[in-house]
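J.: Using only what follows, build the 3D model:
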Amino acid sequence: DQTFISEAEFLKNDIVNFTQKLIQTPSLSGNEGHLAELILAELQKLNYDEAFIDEIGNVIGIIYGKESDFNILFSSHMDHNEPGDFSLWTHEPYSGDKDNDSIYGIGASDAKGAIASQIYGGVILKKTKKLNRGNYIVAFAVQESSAACFGTRHLYENTLKERNLPVNFVVLGNATSMNIYLGQRGKAEFELTVYGRTNHSIVPWLGINAIHKILPVIKAIEDLTDTLPSHPMLDESTLAITNIKTLPDRSNAIPDRCILKIDRRFFPSEPLDEVKGQIQAIIDRIAGDDHTFRATLKLVSSKYTSYKGYSEVLPKLMLPFLTDEDNYLIQKIYPFLKKLQENVNMGTWYFNTDGGYPSSVLKIPTIGYAPGEEKYYNTPYEKVSINNLVTCAAGNATIYSTLTT
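T.: Now for the predicted structure:
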């Protein structure tokens, strides 16, 4: 809709200024409180019909449509990673510097630019009086980088349920370079512990060295990696040992535990039980050949606490998902976005998002559409295109308008 682009251009300075403020407000994972308050104030200033912060710390804004037949949720995360060495950054990470083309700083690409574009997509709909038979909902979650869907899970299972706000379609703000992203591999973090018997290293033969016991495990994991499937859109299913730790950690002690951290990226076609079972089968096979071999495998869990003091223990797990390219909702959106911008392609993320929860658990059609570029995420070159910001705001309004007409 050309009206949406015209309105987005009219709002350009507001979108840019708000994006700068978002970048200038530090929001490390678990410390998003100041950013949440900034977002809430913006939603209230822009006359969202409802705006609030839930008990975990997510920020929610609602613009009510004429009816609630088809509610669309535009969702992004508020947290960012540690910026690291400031001297490596082309622009100070919290500067929000801009030139004619881009805004720079941590979170610019993922996902603070998206937050601005999603909020202003709703403003465009209000100003053009194009609200239809569904609610335009924005939600900005805490602690995505925890890799446990901590804030997002609470959003769907508690906040939206308590307010009787069903969601029919989800648009994620994780960086997509203005393309429609349809999914991601899942991520599971496992801990495999091999046990030995400790003893003083003066007489090592009286102990059972857990390091020696881990060697066939590492070899078997390498062999398993070679058998994992590939996918035309999601690339490779992978398995990687990311850390090895021994206990007791003393220079003169034979270790009685060797702990492997394993990062497993997997497809929707690979159930979690199967993914875990492949590694467990290695343990069982080696134990069958060696009566002194003993090992345990578990999915890593952690306790997470939000800036509002809400705590929960959750597994380090982000589920895979892939929305069908031929889904009629995707096919409905695509030609309208194509009219709006020069290029729009279908793709998937290499990194992980919280999208596996609404898609795989709740079976809600989920896509990504955002101004940021994945290549800048978690780098000291992070930036977001101003043109993308403005076009994406119009694009979000277009997605809503197309699906609710």
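
J.: Ile282 against Leu224, yeah?
T.: Yes: look at Ile282 against Leu224 with C-beta atoms under 8 Å: they come within range, at 6.8 Å. Heads up, the C-betas are built off the backbone N, CA and C, glycines and all.

J.: who has more neighbours, those two?
T.: Taking other C-beta atoms under 10 Å, Ile282 and Leu224 do not tie; Ile282 has more neighbours (20 against 14).

J.: and the residue lying closest to that one once chain neighbours are set aside, what helix or strand is that in?
T.: Distances taken as C-beta to C-beta, 6 or more residues apart in numbering place Ala220 nearest to Ile282, at 4.4 Å, with adjacent residues excluded. Element membership of Ala220, judged by DSSP states H and E, is helix 210-225.

J.: I'd like the average pLDDT over that helix.
T.: Here helix 210-225 scores 94 as its mean pLDDT.

J.: do the same with stretch 390-403
T.: 97.

J.: I figured Leu182 hits Thr323, correct?
T.: Yes: in terms of C-beta under 8 Å, Leu182 counts as a neighbour of Thr323; the distance is 4.6 Å.

J.: For the stretch 1-150 of the chain, which segments are assigned as strands?
T.: In the stretch 1-150 of the chain, the segments counted as strands under DSSP state E, counting those that start in this stretch are 50-53, 59-63, 72-77, 102-104, 136-141.

J.: Of those strands, which is nearest Val384?
T.: When the strands of the stretch 1-150 of the chain are compared by C-beta to C-beta, strand 102-104 sits nearest Val384, at 5.4 Å.

J.: May I see the buried residues of the closest one?
T.: Ser102, Ile103, Tyr104 (16 or more other C-beta atoms under 10 Å).

J.: same check, this time on stretch 214-229
T.: Of all the residues in stretch 214-229, those buried under the rule 16+ other C-beta under 10 Å are Ile214, Pro216, Val217, Ala220, Ile221, Leu228.

J.: With stretch 32-40 instead?
T.: For stretch 32-40, by 16+ other C-beta under 10 Å, it's Glu32, Gly33, Leu35, Ala36, Leu38, Ile39, Leu40.

J.: so which of those comes closest to Thr296?
T.: Thr296 lies nearest to Glu32 out of the buried residues of stretch 32-40, by C-beta to C-beta, at 35.2 Å.

J.: measure the nearest residue to that closest one once chain neighbours are set aside to Gly65 for me?
T.: Counting by C-beta to C-beta, 6+ apart, Glu32 lies nearest to Met78, which is 4.3 Å off, once chain neighbours are set aside. Per C-beta to C-beta, to the nearest Å, Met78 is found 25 Å from Gly65.

J.: So between those two, which is more surrounded?
T.: Comparing Met78 with Gly65 by other C-beta under 10 Å, the one with more neighbours is Met78, at 29 against 21.

J.: Let me know whether that one touches Ser27 as I believe.
T.: Yes: the pair formed by Met78 and Ser27 meets the contact definition of C-beta under 8 Å, at 5.2 Å.

J.: Find residues that contact each of these two.
T.: Common contacts of Met78 and Ser27 (C-beta atoms under 8 Å, 6 or more residues apart in numbering): Leu35.

J.: hmm, back to that, what is the nearest of the buried residues of stretch 214-229 to Val167?
T.: Leu228 (33.0 Å).

J.: Columns distance to Leu206 and pLDDT on top of the buried residues of strand 102-104, output as JSON lines?
T.: Below are the buried residues of strand 102-104 laid out as JSON lines (distance: C-beta to C-beta, whole Å; pLDDT from 0 to 100):
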{"residue": "Ser102", "distance to Leu206": "64", "pLDDT": "96"}
{"residue": "Ile103", "distance to Leu206": "64", "pLDDT": "97"}
{"residue": "Tyr104", "distance to Leu206": "60", "pLDDT": "97"}
